[in-house]
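[1] Show me the folded form of this:
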Amino acid sequence: MGRLWKKLEENQLLGSPEETMGFSREFSSFKQSFVIKKYDFSSLEQVEAIKKELLGKRILILNAKDILQNIDVTQLKRGIEDLKSFLRENGGSMARLGDQYLILTPNSCVKISN
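    Below is the predicted model:
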């Protein structure tokens, strides 16, 4: 068979999902792990903490309900623009989920489709 596929003996099981899918060990260095985390976004002071979470390979689902009720819209736009520029620099992305949630991805390995 091809270079990436292993020929299996009858009743032989492979150990990892990568091996089961037919990927060789040489591609295991591409594997990255991400954590999805819900984050309550209630003040603009949290923008720096959100950036640190993203640098730690976390996909964030921001609950912005509290901040939407307690802050001026122009200030919120500045905070969102700060996050957008940070995501652009790192290859991440941002999207809205409904009326009060945002999802942020840390880098280009995880993208949000429209």
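
[2] Name the spans of this structure whose pLDDT lies under the cut-off.
    Within the chain, the segments meeting pLDDT under 70 span 1-31, 114.

[3] Swap in 90 and give it another go.
    1-34, 68-74, 76, 108-114 (pLDDT under 90).

[4] partners of Tyr101 in the sheet?
    Asn63, Leu97 (DSSP bridges).

[5] what about it, neighbour count?
    15 (other C-beta atoms under 10 Å). Bear in mind the C-beta positions are built from the backbone N, C-alpha and C, glycine included.

[6] where along this structure do the helices fall?
    With helices called from DSSP state H, the chain shows them at 17-21, 47-55, 65-70, 73-90.

[7] Of these, flag the one that's most buried.
    helix 47-55 (a mean of 15; mean count of other C-beta atoms under 10 Å).

[8] Kindly export that one (C-alpha atoms) in PDB.
    C-alpha atoms of helix 47-55 as PDB (Å, rounded to 0.1, in the frame of the first residue of the first chain):
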ATOM      1  CA  VAL A  47      -9.300  41.800  27.500                       C
ATOM      2  CA  GLU A  48      -5.700  41.100  28.500                       C
ATOM      3  CA  ALA A  49      -6.700  37.900  30.300                       C
ATOM      4  CA  ILE A  50      -8.600  36.800  27.200                       C
ATOM      5  CA  LYS A  51      -5.500  37.300  25.100                       C
ATOM      6  CA  LYS A  52      -3.500  35.100  27.600                       C
ATOM      7  CA  GLU A  53      -6.100  32.400  27.400                       C
ATOM      8  CA  LEU A  54      -5.900  32.400  23.600                       C
ATOM      9  CA  LEU A  55      -2.100  32.200  23.700                       C
END
